[in-house]
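*Asks:* Coordinates for the following, if possible.
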Amino acid sequence: MPSVFNPYSDVCPHFDLEDAPARRRANLQAHLQASLNLKVETLWVARDLGYRGGRRTGIALTDEANLGNLTRSYRDQLPVVRATKGPVVAERTAAVVWEMVRQINIPVFTWNVFPLHPHDQDQPLTNRCHTRAERQSCGWLLQALLTLLQPVKIVAIGNDAAAGLHDLGIECLKVRHPSYGGIADFRRGISSIYDVDWPVKLNGNSPHLL
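*Replies:* The predicted structure is shown next:
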């Protein structure tokens, strides 16, 4: 597809190691296998891969700064590796997402309604929203994933993800996307779904709301 980067087969000339696609495929395979081993029941679905996150790691909603958190959330049964060279790159959305994964304290499988990285024409290090045709061309992947994992809870992160799931005939819960001022609403939405208190911080011996 034009203006789409497939992290499992394409090599980024700016940041990738020579075997980056193989590393990202291995990361995804390990994520799937660990989810099956632990019988993960929760699937969080966003819109598409970002150039600072899944484009580099091969894992949706996960940047390089949170690969360690991904492994720890799976009880250290999920080995993942970097596929890029240079400094570790962080993504704001990934930081907020993994903050809440740690809060609910259960493993979560992350995916996108369009599982690749769409970008502006001739500008590979940008993000754009995928088209409906692009999403529908990959819809079978999401259906296969649901058949494999059989999640109990499917949470759409943002309106675009929810609309994409509905377009594919998949029922879901919805929370606001943390970007564009939506962090507090995202935290509240996830906290409500998983019945956890947020945000709480210990101050001496007494917890208080931030």
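*Asks:* List the contacts of the residue nearest the centre of the chain.
*Replies:* What sits nearest the mean C-alpha location of the chain, by CA atoms, centre = their mean, is residue 61, with 2.4 Å. Each residue near residue 61 by CB atoms under 8 Å, 6 or more residues apart in numbering is listed here: 44, 46, 53, 54, 93, 94, 97, 98, 110, 112, 157. C-beta coordinates here come from the backbone N, C-alpha and C atoms, glycine included.
*Asks:* give me the element it is part of.
*Replies:* Secondary structure from DSSP states H and E places residue 61 outside every helix and strand.
*Asks:* ok, and the closest non-adjacent residue to it?
*Replies:* Leaving aside its sequence neighbours, residue 61 sits nearest to residue 110 (CB to CB, 6 or more residues apart in numbering; 4.3 Å).
*Asks:* Show the pLDDT at the one you found.
*Replies:* We have a pLDDT of 98 for residue 110.
*Asks:* next one: residue 203
*Replies:* Per-residue confidence (pLDDT) for residue 203: 38.
*Asks:* swap in residue 180?
*Replies:* pLDDT for residue 180: 87.
*Asks:* how many other residues sit next to it?
*Replies:* Neighbours of residue 180 under the rule other CB atoms under 10 Å: 8.
*Asks:* rewinding a little: can I get the contacts of residue 61 in a markdown table including neighbour count, distance to residue 172 and secondary structure?
*Replies:* Converted to a markdown table, these look like this (neighbours: other CB atoms under 10 Å; distance: CB to CB, whole Å; DSSP: H, G, I helix; E, B strand; the rest coil):
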| residue | neighbour count | distance to residue 172 | secondary structure |
| --- | --- | --- | --- |
| 44 | 25 | 10 | strand |
| 46 | 26 | 12 | strand |
| 53 | 29 | 21 | coil |
| 54 | 29 | 19 | helix |
| 93 | 22 | 18 | helix |
| 94 | 28 | 20 | helix |
| 97 | 27 | 16 | helix |
| 98 | 23 | 20 | helix |
| 110 | 22 | 14 | strand |
| 112 | 26 | 13 | strand |
| 157 | 29 | 10 | strand |
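*Asks:* pLDDT below threshold where in this protein?
*Replies:* 198-210 (pLDDT under 70).
*Asks:* how about the helices of it, start to end?
*Replies:* 20-37, 54-57, 67-73, 92-104, 132-137, 139-149, 159-167, 183-194 (DSSP state H).
*Asks:* Report the buried residues of stretch 128-147.
*Replies:* Across stretch 128-147, burial judged by 16 or more other CB atoms under 10 Å covers 130, 134, 135, 138, 139, 142, 145.
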